[in-house]
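In: Sequence first, predicted coordinates after that:
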Amino acid sequence: MPFNRLNHSILGVIRPRFYLQTNSPVEKCLEHLSESLKKDDTVSGIRSGELIFLKTPQNVQHYWSPEMTVRIETNEYIDYTKVCCLIGPRQTVWVFFTLIYAAITFATLFASMFGFVQYSNNGYSAWLWFLPIGILLISSIFITAKIGQRKGRDQMLHLVSFAYHSLSEIGEVERLQVR
């Protein structure tokens, strides 16, 4: 099941998401996924209300291991149960990269503004070198994130497969074509 097929971006996405629909009720889906977690040693996770957090077991996790958040909901205007899945790096990795992006962006922005002001006043400023250096750093961090995403690809596909097959045991499951 290629969950990212509708994404036409060359760069892809850091946190892919996809949607499934099933004809089983919400509570039955949640209970079955929770029970499947107990039976399968290749996936671990917890349930919190209408959310289930799936991840790889501790003994096979590495820095780039993904997590999958599964939210199961129903709407009074539709006649099926909607399963919303979001895959991304662990929360600590996600926060770390967000912090690095923000720090480099702000440092580059303010150093470049200071450099442009000095350049307009004096005709030269060494602070302008922060602009290409910041762009280079942000690009290298993005490439590092994409390499990490590729390292966790097999685990990510296993989590998707686990969720899809667990839900298909209790009812018909289809992918929603959301644009």
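Out: Here it is on my side, so go on. Residues are numbered from 1 along each chain as shown.
In: per-domain residue ranges of this structure.
Out: Per the record, the chain has its domains at 17-90+152-175, 95-144, by automatic domain parsing.
In: Tell me which of those is the most buried.
Out: Using mean count of other C-beta atoms under 10 Å, the stretch among the domains of the chain with the largest mean neighbour count is domain 17-90+152-175, at a mean of 17. Placement of C-beta: from N, CA and C, glycine included.
In: Do you have the strands of the chain handy? List them.
Out: 17-22, 44-48, 51-55, 66-74, 81-89, 173-175 (DSSP state E).
In: could these be laid out in JSON lines, adding distance to residue 119 and mean pLDDT?
Out: JSON lines is the format used below for these (distance: least, C-beta to C-beta, whole Å; pLDDT from 0 to 100):
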{"stretch": "strand 17-22", "distance to residue 119": "43", "mean pLDDT": "90"}
{"stretch": "strand 44-48", "distance to residue 119": "53", "mean pLDDT": "91"}
{"stretch": "strand 51-55", "distance to residue 119": "49", "mean pLDDT": "93"}
{"stretch": "strand 66-74", "distance to residue 119": "44", "mean pLDDT": "91"}
{"stretch": "strand 81-89", "distance to residue 119": "39", "mean pLDDT": "90"}
{"stretch": "strand 173-175", "distance to residue 119": "53", "mean pLDDT": "87"}
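In: export these to a markdown table and tack on distance to residue 105?
Out: Converted to a markdown table, the strands of the chain look like this (distance: least, C-beta to C-beta, whole Å):
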| stretch | distance to residue 105 |
| --- | --- |
| strand 17-22 | 24 |
| strand 44-48 | 32 |
| strand 51-55 | 29 |
| strand 66-74 | 25 |
| strand 81-89 | 19 |
| strand 173-175 | 35 |
